[in-house]
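>>> What follows is a predicted protein model with its sequence.
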Amino acid sequence: MRKVGLENIDDILDVREGDRLGSGARKTSWRLEEMKQRMIEQLNQPLEITDLAINGSDIMKEFNLKPGPVIGEVLHKLLEMVLDDSELNDKETLLKVSKDLIKGNKNITSRI
């Protein structure tokens with residue numbers, strides 16, 4: 001869903017159903033229905049940086065940083081973490097991890 005974009009999900013499902021009908025099968029199957037259910041469950045999960053509980057402004061304000069690529073790097077690392085465990089997507093946790101990333105990563109801290 002992340003690769004194709006949420007706006008294209010319905011079209012992809014329509015193509016899959018059309019493919020099934022065109023090959024003589026029923027419109028849907030238990031596998032397709034199971035996949036749809038998993039997709040519905042995932043729609044409430046963060047998929048993009050903008051779905052994080054914090055943004056670049058929060059990081060800059062919290063750590064007195066100026067705009068720059070460091071902020072983007074931290075946000076990308078936070079997104080990777082939240083994609084693995086969506087329960088970590090809260091402001092307090094993300095700011096704590098941001099602090100650890102900024103203080104512990106020599107690549108990041110050398111540019112601050």
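Yep, that arrived.

>>> Now Lys66: closest residue in space, sequence neighbours ignored.
If you skip the residues right next to it in sequence, Lys66 has Met60 as its closest partner in space, 6.9 Å away by CB to CB, 6 or more residues apart in numbering. Any C-beta I mention is one placed from the backbone N, CA and C, and that applies to glycine too.

>>> What confidence value was assigned to the one you found?
Predicted confidence (pLDDT) at Met60: the value is 95.

>>> Count the neighbours of the nearest residue to Pro67 once chain neighbours are set aside for me.
Of all residues beyond its chain neighbours, the one nearest Pro67 is Met60 (6.6 Å), with distances taken as CB to CB, 6+ apart. Residues contacting Met60 under the criterion other CB atoms under 10 Å number 15.

>>> Over to Leu101?
Applying other CB under 10 Å, we find 19 other residues in the vicinity of Leu101.

>>> and the gap between it and Lys61?
Distance check for Leu101 against Lys61: by CB to CB, to the nearest Å, it reads 16 Å.

>>> ok, then the element right after the helix or strand that the residue nearest to Pro67 is a member of?
Taking DSSP states H and E as the definition, Met60 sits inside helix 56-63. Moving toward the C-terminus from helix 56-63, the first helix or strand encountered (DSSP H and E) is helix 69-84.

>>> If we go by neighbour counts, what in that next one is buried?
Within helix 69-84, the residues that count as buried by 16 or more other CB atoms under 10 Å are 70-71, 73-75, 77-79, 81-83.
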